[in-house]
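>>> Sequence first, then the predicted structure, then my questions.
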Amino acid sequence: MDSTILIEAAHAASARSYAPYSNFRVGAALLTANGEIHTGCNVENASYGLSMCAERAAVFAMLANALDEDDRKVSSVAIVSPDAAPCLPCGACRQVLREFGCEEVLVEEGSGIRRYPFKELLPHAFGPEAL
């Protein structure tokens, strides 16, 4: 799939962000092994610990709509913010993305779209095989 499609879907998701405290809007769009796209946006809460990142929101949307195992495998995820670039996933989101086999992260940088192999972002990751 053309990476610009995922980036555009992430931008559309960021427009739905609820970020009244930080004003840091984030959108994420992930592509499953079946070719489905799921999006999420960050949702803040006055009790900051209850806030949700865009990447995890997209994963949870994926799970809510998954029909089989391939619908639960993340091939790639695009993460954007109209407020900062590049916008890389936080540690918690990296761990959740790892749980579902994320292979690649796409972000916007000044020169265009940059692709990161997921293993570069979370080396020596803890996963189900460690249990």
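Ah, there it is.

>>> What segments of the protein are strands?
For the chain, the strands defined by DSSP state E cover 27-32, 37-41, 74-80, 104-109, 112-117.

>>> Can you tell me which of those is nearest to residue 127?
Of all the strands of the chain, strand 74-80 sits nearest to residue 127, with 13.2 Å by CB to CB. No exception for glycine: its C-beta is placed from N, CA and C like everyone else's.

>>> which residues are in contact with that closest one?
With CB atoms under 8 Å, 6 or more residues apart in numbering as the test, strand 74-80 has contacts from 3, 6-7, 9-11, 14, 26-33, 54-55, 58-59, 62, 87-89, 97, 100-108.

>>> would CSV of the strands of the chain with mean pLDDT, distance to residue 125 and mean neighbour count be doable?
Listed next are the strands of the chain as CSV, based on pLDDT from 0 to 100; distance: least, CB to CB, whole Å; neighbours: other CB atoms under 10 Å:
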stretch, mean pLDDT, distance to residue 125, mean neighbour count
strand 27-32, 97, 17, 27
strand 37-41, 97, 21, 23
strand 74-80, 97, 13, 26
strand 104-109, 95, 13, 20
strand 112-117, 94, 12, 13
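
>>> out of the ones you listed, which comes closest to residue 20?
For residue 20, the closest of the strands of the chain is strand 37-41, at 13.0 Å, according to CB to CB.

>>> what angle separates that closest one from strand 74-80?
For strand 37-41 against strand 74-80, the angle between stretch directions is 40 degrees (axes from the mean of the first three to the mean of the last three CA atoms, to 10 degrees).

>>> Give me the sheet partners of strand 37-41 and which way each runs.
Strands that pair with strand 37-41, judged by DSSP bridges, come out as strand 27-32 (antiparallel).

>>> between the strands of the chain, which gets nearest to residue 126?
strand 74-80 (16.8 Å).

>>> Only alpha carbons, please: show the closest one as PDB.
Extracted as PDB, the C-alpha positions of strand 74-80 are listed here (Å, rounded to 0.1, in the frame of the first residue of the first chain):
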ATOM      1  CA  VAL A  74      -0.200  -4.700  12.400                       C
ATOM      2  CA  SER A  75       1.800  -4.500   9.200                       C
ATOM      3  CA  SER A  76       2.500  -0.800   9.600                       C
ATOM      4  CA  VAL A  77       1.400   2.300  11.500                       C
ATOM      5  CA  ALA A  78       1.500   5.900  10.500                       C
ATOM      6  CA  ILE A  79       1.600   8.500  13.200                       C
ATOM      7  CA  VAL A  80       1.300  12.200  12.700                       C
END
